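# okay, sequence plus prediction incoming.
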Amino acid sequence: MTYIFDEKIRIGISACMYGAKVRYNSKGYEMMGYLKREKSNYVWTPVCPEVMSGMGVTRLPIRLTGGNGHDFWEGKVKVKNKIGRDVSLMMKKGAEACFETLERARVDAYIFMEGSPSCGVYRTTLRNKRLGHPPGVFGSLLLKKGLFLIPAQDLQSPVKWWDWRRRLSAFVWLKHRPMSNLNELYDTWHTLKFLSQEIDEKFARELGKKIADFKIEPPLNVLEDIRWQILNTLRKPSDVKKVKQWLWKNYTHLKKHEGIELESVCPPEIYRNMTNIVDEMITVEREVKSKDILFGTSPIIYSPRY
Ligand code: SF4
């Protein structure tokens, strides 16, 4: 059966990526435009730790002195502005205020601006290695909180966004799902194993073996540890090559066992552009949703109710 996640997913976002002109130079970027109508499928909470620090717009750019955001929270490095003024305390208060807001808003995910000494988390798409030492001050808190973290740049690519979205749906579903006995664990793993294999084959093979070897009910802490291992795996991006291969593999499984036949789905060796690949995947998602069948590539179909 296919699982449909129908609660609106709540996402925090760096305010400057939501179109707010809050960067040090009073600039902002309207990244939401790339999502088009899909934007209304989510509840958004934009925050800006530098504005909440009280530094204002416009302000001098800031930098971490020598380390990253983790070092900052351990008191090993400071945040200074361009003329060398120590703004560490302001930055700490701003980051904590935004973090509290995200907790109140009950967000499960955050879209961050890459390269920022505040909101940066890790770099997945930018090539310029000189842009700071991630994570930033706020990024460090986001990582510790265990949120699903999406680089804002990836909203521009239909395939990357599709990959983030299907993993986000699976992540939120798993995070809030009861998993207190072996049957619930089996059901969870049956639903997520194909996507886990696509992302990290070695991890999935080892976890599958561990789950199969359980002879008695595992204690709750073991089940919770497995949940966190799968959640961590779902945070990692796939790539276009793997997406195409697994789409074909899971589709041929559906064709053989469920009689689903869709002309638009192509084998991985056929060249097609990103938009075509996304269209193929959305076509299969629609088909499995209407027939209530599990599709390993997109095991949790996100379909908000209102
Ligand atoms: S602190 Fe974050 S939200 Fe504010 S301008 Fe910098 S990157 Fe954007």
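Nice, I can see it.

# contacts, neighbours, all on C-alpha from now
Noted.

# what sits against Met55?
Counting by Cα atoms under 8 Å, 6 or more residues apart in numbering, Met55 touches Met90.

# secondary structure element for it?
Counting by DSSP states H and E, no helix or strand carries Met55.

# when you give positions from now on, start the count at 55
All right, first residue 55 from here; so that's Met109.

# that one and Pro171, how far apart?
14 Å (Cα to Cα, to the nearest Å).

# same thing with Trp300?
For Trp300, the distance to Pro171 - Cα to Cα - is 36 Å.

# also Leu118?
Computed as Cα to Cα, the Leu118 to Pro171 distance reads 7 Å.

# between those two, tell me which one has more neighbours.
Of the pair Leu118 and Pro171, Pro171 is the one with more neighbours under other Cα atoms under 10 Å, namely 25 against 21.

# residue contacts, that one?
By Cα under 8 Å, 6+ apart, the contact set of Pro171 is Ile116, Arg117, Leu118, Asn122, Gly123, Gly186, His187, Pro188, Pro189, Gly190, Val191.

# got it, and Leu301?
Leu301 sits next to Met335, Thr351 when contact means Cα under 8 Å, 6+ apart.

# give me the mean pLDDT for the helix or strand encompassing it.
Take DSSP H and E as the rule and Leu301 turns out to sit in helix 294-312. The average of the pLDDT scores along helix 294-312 is 90.

# dihedrals phi and psi, the residue in the stretch 105-254 of the chain positioned nearest to the ligand?
The ligand sits closest to Cys173 of the stretch 105-254 of the chain, with a gap of 4.5 Å, by Cα to the nearest ligand atom. Main-chain torsions, Cys173, degrees, to the nearest 10: phi -90, psi -10.

# Met145 too?
With angles defined as degrees, to the nearest 10, Met145 sits at phi -60, psi -40.

# count the neighbours of it for me.
Using other Cα under 10 Å, Met145 has 25 neighbouring residues.

# run a quick neighbour tally on the closest residue to it other than its chain neighbours.
Excluding the flanking residues, the one nearest Met145 by Cα to Cα, 6 or more residues apart in numbering is Ser107, at 5.2 Å. Neighbour count of Ser107, defined by other Cα under 10 Å: 20.

# who are the contact partners of Ser107?
Under the criterion of Cα under 8 Å, 6+ apart, the contact list for Ser107 reads Met144, Met145, Lys146, Lys147, Gly148, Ala149.
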